[in-house]
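>>> I need the structure of the sequence given here:
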Amino acid sequence: MNTMIAIKPADGESSDISDRLSFSKKLQTVTNKIHAASDIDEIMLEVSKDICSLFNADRLTIYTLSDDKTFLSSKVKTGLDSFQDLKLAVNEHSIAGFVGLRKKTVNIEDVYNKRELKSLNEKLTFLQDVDKRTGYRTKQMLVVPILNADDNALVGVMQVINNKEDKPFSTMFVDGAEEITRTLAIALKQRQKSFKLLKSKYDHLVLDAVISAGEFELATRSARKKGCDLEDVLIDEFQIAMPSIGQA
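Residues are numbered from 1 along each chain as shown. Reported below is the predicted structural model:
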């Protein structure tokens with residue numbers, strides 16, 4: 001009769017397995033929330049804090065690529081609500097720009113360490129403007145490109161800032177961040193397509209200057225938040241006459 005001998009994992013190994021299982025569950029919860037979000041504003045308001053918590057990070061920035069594909073514009077900025085959108089060229093002169101250009105993840109221990117940055121690229125620098133304005137000290141940074149799964153085209157960049165344990169982000173966190181960006185790529189593409197289809201339906205209103213493109217976007221957001229028809233918002237909040245909407 002064969003006797004099976006159970007080998008008990010070492011305390012450290014057991015703890016590591018437990019941590020990974022816990023992280024995996026939290027990761028799944030966050031990806032589900034991203035899929036459920038109706039637009040980028042909802043991702044900003046509802047999911048950004050969850051992403052920070054998932055990676056035990058202090059701050060998060062999510063950039064999307066401009067239509068002409070030349071620069072990144074910040075759409076999600078936890079902790080930077082009082083400042084206007086950040087815009088970065090897709091080149092080696094900023095960390096997010098470099099990640100977008102090369103389409104590769106970087107995990108930096110200290111962004112002020114010039115030697116560490118030069119090891120990635122000779123031209124790479126950390127833009128200190130925001131830190132200087134706010135008195136905040138950026139240190140660790142995990143930056144991941146958001147890539148379209150079909151053709152590997154750049155959609156945006158996710159930047160996770162400052163590990164609360166004051167150490168480089170772990171391999172587990174790097175893998176998790178890349179999983180999050182795959183989900184974000186799908187979500188961002190779907191939202192862009194739905195908005196373009198919706199806008200094309202009402203192009204006549206914008207072309208005839210009945211409503212501006214910016215006002216139309218505000219109306220769309222308002223309709224989503226209230227869970228009502230866009231036509232109701234256009235009529236009630238923007239005083240657009242029914243005949244104009246019918247013509248559109």
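
>>> same for the helix or strand harbouring residue 21, what does it pack against?
Using DSSP states H and E, residue 21 maps to helix 11-36. Packing contacts for helix 11-36, counted by 3 or more Cβ pairs under 8 Å, 6 or more residues apart in numbering; DSSP states H and E, involve helix 48-54, helix 171-201. Any C-beta I mention is one placed from the backbone N, CA and C, and that applies to glycine too.

>>> List the contacts of the residue nearest in space to the middle of the chain.
By Cα atoms, centre = their mean, the chain has its centre lying nearest to residue 62, at 3.2 Å. Neighbouring residues of residue 62 by Cβ atoms under 8 Å, 6 or more residues apart in numbering: 43, 44, 48, 74, 75, 76, 146, 156, 157, 158, 159, 184.

>>> Go through the helix holding residue 21 and flag the buried ones.
23, 27, 30, 31, 33, 34 (16 or more other Cβ atoms under 10 Å).

>>> if I look at the first one, how far off is residue 223?
Taking Cβ to Cβ, to the nearest Å as the criterion, residue 23 is separated from residue 223 by 37 Å.

>>> isn't there a helix covering residue 143?
No. Per DSSP: H, G, I helix; E, B strand; the rest coil, residue 143 lies outside any helix segment and is strand.

>>> so what's it bridging to?
residue 106, residue 159 (DSSP bridges).

>>> Equivalent analysis for residue 71, please.
Listed by DSSP bridges, the beta-bridge partners for residue 71 are residue 89.

>>> secondary structure element for residue 123?
Assigned by DSSP H and E, residue 123 belongs to no helix or strand.

>>> Count the residues that sit near it.
For residue 123, the tally of surrounding residues (other Cβ atoms under 10 Å) stands at 12.
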